[in-house]
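# For reference, the sequence and a predicted model appear below.
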Amino acid sequence: METVLTTHFADERYRGIDGYRGKGGYGALRKCVSMPREAIVEEVKKANLRGRGGAGFPAGVKWGFLPKDLSRPRVLVVNADEGEPGTFKDRLILSHGPHLLLEGIAIACYALSIHRAYIYIRGEYAREARILEEAMEEARAAGFLGKDVLGTGFDLEVTLHRGAGAYICGEETSTINSLEGKRGWPRLKPPFPAVVGAFGLPTLVNNVETLCNVPWILENGGERFAALGCEKNGGTRLVGVSGPVVRPGIYELPANANLKNVIFDVAGGLRDGKALKAVIPGGSSTPVLRADEIDVTFDIETMAKAGTMAGTCGVIVIPEGTCMVRALSVLMNFYAHESCGQCTPCREGTGWLKLVVGRIEAGQGRPGDVELVLDVCDNMAGKTICALADAAVMPAQSFIGKFRGEFDRHIAEGKCPFGNRF
Amino acid sequence: MPNLTINGVAVSVPEGTTILSAAKQVGIHIPHYCYHTHLSVAGNCRMCQVEVEKFPKLQTACSTVATEGMVVRTDTEAVRKAVRGALEFLLIHHPIDCPICDQAGECGLQDYYMTVGLHKSRYPLGDKIHKKKVQDAGSGIVLDAERCILCSRCVRFLEEVTGTRELQFFRRGDHSEISFFPGRPIDNHYAGNLADICPVGALTSRDFRFRCRVWFLKSAESICTGCARGCNIEAHFHEGVLYRYKPRVNDAVNRAWMCDFGRMEYRKANEARLLAPFVRENGVEKEMPWGALMPQVAQRLSDAVRTHGADTVAVIASPQLSNEELFLVRHFASDLLGTMNLAFTRRAPEDGFSDDFLIHPDKNPNSAGARLLGIPGEEAFHAVAGRISRGEIRALVIFGNVLGAFSEKGTLELLSKAPFIVQVGTNEGVVSRAAHAVLPSASFVERGGTFVNCDGRLQRFRAGFAPRGKARNTIEILVDLGNRLGAGWSFSGEESVFRALSRSEAPFRGMTYGSIGSLGREVKR
Amino acid sequence: MSFSLSEEGLAELDRLLSRYPDRAAAVLPALHLVQSEHGHVPDEAIAWVAERVGLSPAHVEGVATFYTLFERRPRGRHHLQICRNLSCSLMGAEALVAHVSAKLGIRPGETTPDGMFTLSVVECLGSCGTAPVMQVGDAYHENLTVEAVDALIDRLRAEG
């Protein structure tokens, strides 16, 4: 099949500007600077490109939210704060195709008359930050970034901003607060970032993968890009497969790839003859599927029908023999650790879920604990400023919904039937 | 003007009004902790969630703006469960130490537990997260992080009102804790407001802690006497003791705040009070009943006028007096004693501190009123003082306890030149140590009246309780004394004086206590 | 207040401050600089950074304690951070933690008496396809096995 993003990732030299240009890199930017700005935006709309950060919001529409009035400077914030467990696609792009991102940034900024872009990269990605810094130097020297881009008189300053360890900073208003030097608390909306964003300015926040599709779209046309995907989601998706499969990794697949095929064909099935027990299809927040539920495609609507979400396409493969209570306990620890502490239900609820699921796993669960977990979930879901509470609730509800027997057994037997281990 | 319904009740509100404010207008209280009328909207406590038709999720009433045709419900099962859930979350780590908590009785957790909570605890005691308790947070504020519900009001206050940012959230998730950086505690002149806005017992006032259970307190609407700003306050008292001041919202004056200097003014109603009339004979104080003393004082004053002329009598007024009192003082001096020696003198600022917010350099509540009532200020006072120092004054009436910027020594030296001094005052001080007759007057919480603040706003303060000891209302003292000098006054209480005042004094013409209301009004200029 | 950065650090901070429309935005970069020079963020550095960016020390402390990468207390020379999230757990992270713990004689969160190693369990590092993973300093060590982690620890110890 045709690929958009990873075509040249196997080539080491693609990371450097010469290698990148050797494959036609920055050609799309050159093309764009002679196009009317609206035509660029129009092409992205035609491409049916949806945000790749997990929520899947149509990118062209989001671009259109920026006010038409150019009297106030506007800002692009690139969300490279990848942190959803099971997700590692942006890291691949950052380390193999940094110029792809920079070209996507340059085109977006040119099209939307943005002169300042901030790449917010998670603090742990130190190596990727260095690679990006180098690439930015190269791009500036070659005239693709900085003052007077390609002799057009268009200035674009790109700044790399490192996070410092907070999953919540991947939420776009939290990214903005963090960029401004604050605690990474999500903001109340409205106002939306497109109106009042970073430094009080109109702001567009786009995920790394989203922007990396932009050069290809402008090179090959939005329609062609749309045709690579499915009806409501153009292009390809970077699907990450983790867990005990034969070939874990990132695969670029059509937006409507089949989850079962991804696991058993693309990733080679489970290792060591293990049987499949469950799959988390789109990053840890997305509801878990039983082995018999995975014959679904990745498009957003089909996933919704299956009661789950495509999310970030981070597929976590859970083999038979895994204690689902323990698995959930790991996730509950994560959300309690990452709750920013702003909203009452999330701050206290994530900690409470961690406590109760933890004690069930430890064999100290009490009758009624499962109902308690579900009730706490109900008091959290949809009742906070951002979606982190929901992100914690969805796995809890789905793990219990689909593997209730294991929870009950832990409580009835007063111990973990799997021996408290993975 | 969007029209909406809340629980079926129709309400029409100005553009931009939130659901929470709209509900308040029709008497529907929506629970909240983080929302505060005078701070930015945080929307994080999640207590004010309501159902809004066409919205799939519950909305926070504090942050959702009312729109035309909106249908809001606060009384559905979904809302009740969400609010009860939020309250339960807030209580899981709370120490539930109400019996030893000073906030008890005015605590948002107690209040809402009784109205929307009443749940049994589902969280094990042993799993509660412990945080730092009883910390001296600076500026008279005590911080108990365990009781804190992390509503962020204090953080927003210190960011948006004082700009000093001493408190912040540290850490995150359920280990979040409000604190200050070690060695950098709260350090501003408005810290007392933190104890007021804290909806729970996390931030309490060191001054008030453990002095009185709040349910015993009664309240009177008052005006701070600390400076010319005239911050609107509530005076809280119990059995003849004034316990504290709290700011009262008045957007034209002090919004919802008051300064820490003003807040401590209440102490003057309790401390070093003059509680019984006395005379000083050959340096010895001798208590004397009002009935015996007043005729003597009247006699001495009229003797001085008759024997030495009205020019040898002087009256020093104070801008700590109300307009009503000053009005009578003026008549007393000009008409009854017939002297031109009338001036007011101001309490000099202790450290002269002022800022560009509430703290005014004039440390008196009614200098503007004194001026409007035609009582001359500093220049005239210095002229009177000059006459005293030259021994030209045979009888002197002093209201209050200070003589301008004179030092204690300077004051005593000056007063030694006058053979007869009457003081009408509330507190012991240098003047009462020199006066030959001391007439104890009611404190600002034991009497009522009006002040005019630095911006020309006429504001009313009310009596909370009867004068302590044998002290008497200043108006009563003036009427008594005046009538002995032939005034023929029949005033009874401050309102009757104000009626006369508003008939004769142009800036106040046509005003009544009713028209001043709780929030005051501007005087005519 | 005796804290300061090196000459190079100060120059870098000045460069950073010029990149943002608001000095406050330099808090995270400044804390990163402090930590890269001092190994952690000492108390004096909080007040120092606050002054540089024009914020209160409480604000900077609030930021420093929000983000897990900032170390407010000194830790071992090598910080071994093993991911314990789901993909890594499915690939043996728990056993790895137990092994390193036994090998170094410390529990997660502790530092060896010689100050050489601190062991932490951390949340997802974005290396799920190459699990289990351990971050040491800035570097990721992926597809870890007990043998590989033994060799790595021995090497780090030899390096001192």
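That came in fine, so what should we check first?

# Flag every residue of chain B that's near chain C.
When proximity is defined as Cβ under 8 Å from any Cβ of the partner chain, chain B approaches chain C at B:164-172, B:179-182, B:184. Quick note: C-beta positions are derived from backbone N, CA and C, even for glycine.

# go with 6 Å
B:165, B:166, B:168, B:169, B:170, B:171, B:172, B:180, B:181, B:184 (Cβ under 6 Å from any Cβ of the partner chain).

# which ones are touching the closest residue to residue A:170 other than its chain neighbours?
Once flanking residues are discounted, residue A:170 sits nearest to residue A:81: 4.2 Å by Cβ to Cβ, 6 or more residues apart in numbering or on different chains. Contacts of residue A:81 were listed using Cβ atoms under 6 Å, 6 or more residues apart in numbering or on different chains, and they are A:120, A:122, A:163, A:169, A:170.

# Most neighbours among those, which one is it?
residue A:169 (30 neighbours; other Cβ atoms under 10 Å in any protein chain shown).

# What is the burial count for residue 109?
In the absence of a named chain, chain A is used. 25.

# nope, chain B
A count of nearby residues for residue B:109, using other Cβ under 10 Å, gives 23.

# same question, residue A:200
Residues near residue A:200, counting by other Cβ under 10 Å, number 14.

# Looking at the contacts of residue A:81, which is nearest residue A:148?
residue A:120 (25.8 Å; Cβ to Cβ).

# Name the residues of chain A found near chain C, please.
Checking chain A against chain C by Cβ under 6 Å from any Cβ, the hits are A:82, A:85-86, A:88, A:91, A:123-124, A:126, A:159, A:164-166, A:180-181, A:183, A:199, A:240, A:242-243, A:248-249, A:316, A:330, A:334, A:337, A:422.

# Now intersect the residues you listed with the helices, please.
A:91, A:126, A:330, A:334, A:337 (DSSP state H).

# ok, so of the residues you listed, who is nearest chain B?
residue A:337 (6.5 Å; Cβ to the nearest Cβ).

# any idea how far the residue lying closest to residue B:483 once chain neighbours are set aside lies from chain A?
Spatial nearest neighbour of residue B:483, excluding adjacent residues (Cβ to Cβ, 6+ apart): residue B:489 at 5.7 Å. Applying Cβ to the nearest Cβ, to the nearest Å, the value for residue B:489 to chain A is 61 Å.

# likewise residue B:345?
Separation of residue B:345 from chain A (Cβ to the nearest Cβ) stands at 51 Å.

# what's near enough to touch that residue?
B:316, B:381, B:403, B:404.

# what's around residue C:119, how many residues?
By other Cβ under 10 Å, neighbour count at residue C:119 equals 24.

# per-residue pLDDT, it?
Turning to residue C:119, the model gives it a pLDDT of 98.

# same question, residue C:2
For residue C:2, pLDDT reads 81.

# Around chain A, which positions in chain B sit nearby?
B:43-46, B:57, B:63, B:82, B:85-86, B:89-90, B:92, B:127, B:172-174, B:176.

# any low-confidence regions in the stretch 151-300 of chain A?
For the stretch 151-300 of chain A, no stretch is flagged by pLDDT under 70.

# can you tell me which of the residues of chain B next to chain A are in helices?
Judged by DSSP H, the residues of chain B next to chain A include B:82, B:85, B:86, B:89, B:90 as members of helices.

# Now do the contacts for residue B:25.
Here residue B:25 is in contact with residue B:11 (criterion: Cβ under 6 Å, 6+ apart).

# The lengthiest helix in chain C: which residues count as buried?
What stands out as the longest helix in chain C, according to DSSP H, is helix C:146-159. By neighbour count on 16 or more other Cβ atoms under 10 Å in any protein chain shown, the buried set for helix C:146-159 is C:149, C:152, C:153, C:156.
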